[in-house]
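1. Next input, structure requested:
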Amino acid sequence: MSGNPAVVMRLVASAYSVAEKAGAIVRKVLHSGDLGIVEKTGANDLQTLADRLAQKSICASLYRSFPNITIIGEEDLPSEEVQEDLIESGQAEEILQKSCPEDYKALKEEELVVWVDPLDGTKEYTEGLLDNVTVLIGIAYEGRAIAGVINQPFYNYQLGSGAALGRTMWGMLGLGAFGFELREVPADKRIVTTTRSHSNKTVTDCVNAMEPHEVIRVGGAGNKIIQLIEGKASAYVFASPGCKKWDTCAPEAILHAVGGRLTDMFGNTYCYNADVKHMNSAGVLATLRNHDYYVSRVPPSVQQALKSE
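-> So this is what the prediction gives:
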């Protein structure tokens, strides 16, 4: 490691290692056979022991190394002493070796907001749809998602015991994205990925208006962005207020780092300042290419429904 890496590079390097630790926790809880499920607001809004332990691990680990950052996590947990075995102090050396983009070299801890979803795709996790599950750590500056880490704890789980389980990808504006192979759907195909368990008439009407050749219904916002960057889908369309900032911050940063876009259904960008409302109330529309086309296809009835939220 040459010199002293910029604060934001050290934070991303820590987030990478912390996300891997959280992924290991998520696997361990599953293998224990006791998921510790509670309903937060209903059967489609669950929390498990893995959500709780992973968030404690992520927040306590990052605060120990970066006491002045702001962290906003999905789970509303009581303030308590975190066990030492949940703490991860490592930093990914490959990230520390990279040059920090000029715009971010002088950033201070207190200027950075970290959005954490310790287990995105909880419902799918409880149902055994493990490839839908991700750990999301997004980093924002001046309201913009500038860096993100996505860990897939069960990547390769269907290949059997001989396969290496799990992977971590990350990205940063001005640097690019790493840990996966960027692919695109052929230009003459429109494949839309959308919600598996939170659909309604507005969501369905909007998906149909895109005139897709194929629709993929899967869980997890992180998982849907992975569908985009790995060439399985052309657009992520969710015309509903169900998604939160911790669902989209990390995926948005990675998507933007490879030239894609994530907006609401009107084409407006989301803000990730510490004081914004957590709900993405105007839905989520994400693409690698041709974003304006998809925005133009959103029906007036859908726009009206979202405006009334």
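2. So for residue 200, what's the pLDDT?
-> What the model reports as pLDDT for residue 200 is 88.
3. Next, the contact list for it, please.
-> Under the criterion of CB atoms under 8 Å, 6 or more residues apart in numbering, the contact list for residue 200 reads residue 240. Using the backbone N, CA and C atoms, a C-beta is placed for each residue, glycine as well.
4. for residue 71, same thing?
-> 58, 59, 62, 63, 113, 114, 116.
5. all strands of the stretch 201-309 of the chain, in order?
-> Under the criterion DSSP state E, counting those that start in this stretch, the stretch 201-309 of the chain contains strands at 214-218, 235-238, 261-263, 284-287.
6. Show me what counts as buried in the longest one.
-> Neighbour counts using 16 or more other CB atoms under 10 Å place 215, 218 of strand 214-218 among the buried residues.
7. if you average pLDDT over stretch 76-95, what comes out?
-> 88.
8. Quick check: end-to-end length of that stretch?
-> 30 Å (CA to CA, to the nearest Å).
9. ok, of the contacts of residue 71, which come out buried?
-> Looks like these have 58, 59, 62, 113, 114, 116 buried, using 16+ other CB under 10 Å.
10. Looking at these, which two lie furthest apart in space?
-> 58 and 113 (14.1 Å; CB to CB).
11. Okay, now the unreliable bits of the stretch 151-300 of the chain?
-> 160-163 (pLDDT under 70).
12. Helices of that one, start to end?
-> 201-209, 221-229, 245-257, 291-297, 300-307 (DSSP state H, counting those that start in this stretch).
13. just checking, what's the longest helix in this protein?
-> Ranked by residue count, the top helix of the chain under DSSP state H comes out as helix 7-32.
14. Quick check: which helices or strands does that one pack against?
-> On a contact count with 3 or more CB pairs under 8 Å, 6 or more residues apart in numbering; DSSP states H and E, helix 7-32 meets helix 49-65, helix 93-96, strand 112-120, strand 134-141, strand 144-152, strand 167-172.
15. among those, which is nearest residue 239?
-> Using CB to CB, those put strand 112-120 closest to residue 239, at 19.4 Å.
16. between the closest one and helix 245-257, how many degrees?
-> 110 degrees (axes from the mean of the first three to the mean of the last three CA atoms, to 10 degrees).
17. before we move on, the earlier item: go through the buried ones among the contacts of residue 71 and say which is closest to residue 172.
-> Among those, and counting by CB to CB, the member closest to residue 172 is residue 114, at 13.7 Å.
18. Now do the same for the closest one: its pLDDT.
-> pLDDT recorded at residue 114 is 98.
19. sorry, back to before: show me the one of the strands of the stretch 201-309 of the chain that comes nearest residue 252.
-> strand 261-263 (4.2 Å).
20. Strand partners (parallel or antiparallel) of the closest one?
-> Strand 261-263 has the following strand partners under DSSP bridges: strand 284-287 (antiparallel).
21. List of residues touching the partner strand?
-> 221, 224-225, 228, 234-238, 243, 248, 251-252, 255, 260-265, 267, 291, 294-295, 298.
22. which ones are touching residue 176?
-> Residue 176 neighbours (CB under 8 Å, 6+ apart): 257, 258.
23. now it: how far from residue 101?
-> Distance from residue 176 to residue 101, counting by CB to CB, to the nearest Å: 10 Å.
24. what's the offset of stretch 185-205 from the middle of its chain?
-> Computed by CA atoms, centre = their mean, to the nearest Å, the separation of stretch 185-205 from the middle of its chain amounts to 18 Å.
25. buried residues in that stretch?
-> 185, 190-199, 202-203.
26. Residue 133: which of those is nearest?
-> residue 196 (12.5 Å).
27. For that closest one, list the residues it contacts.
-> Residue 196 sits in contact with 124, 132, 217, 218, 219, where contact means CB under 8 Å, 6+ apart.
28. Would you agree the third one is in contact with residue 198?
-> Put plainly, it is residue 217. No: using CB atoms under 8 Å, residue 217 is not in contact with residue 198, being 10.2 Å away.
29. Can you get me the start-to-end distance on stretch 94-107?
-> End-to-end span of stretch 94-107 (CA to CA): 20 Å.
30. ok, residues contacting it?
-> Contacts for stretch 94-107 (CB under 8 Å, 6+ apart): 1-2, 5-10, 12-13, 16, 141, 146, 170, 172-175, 178.
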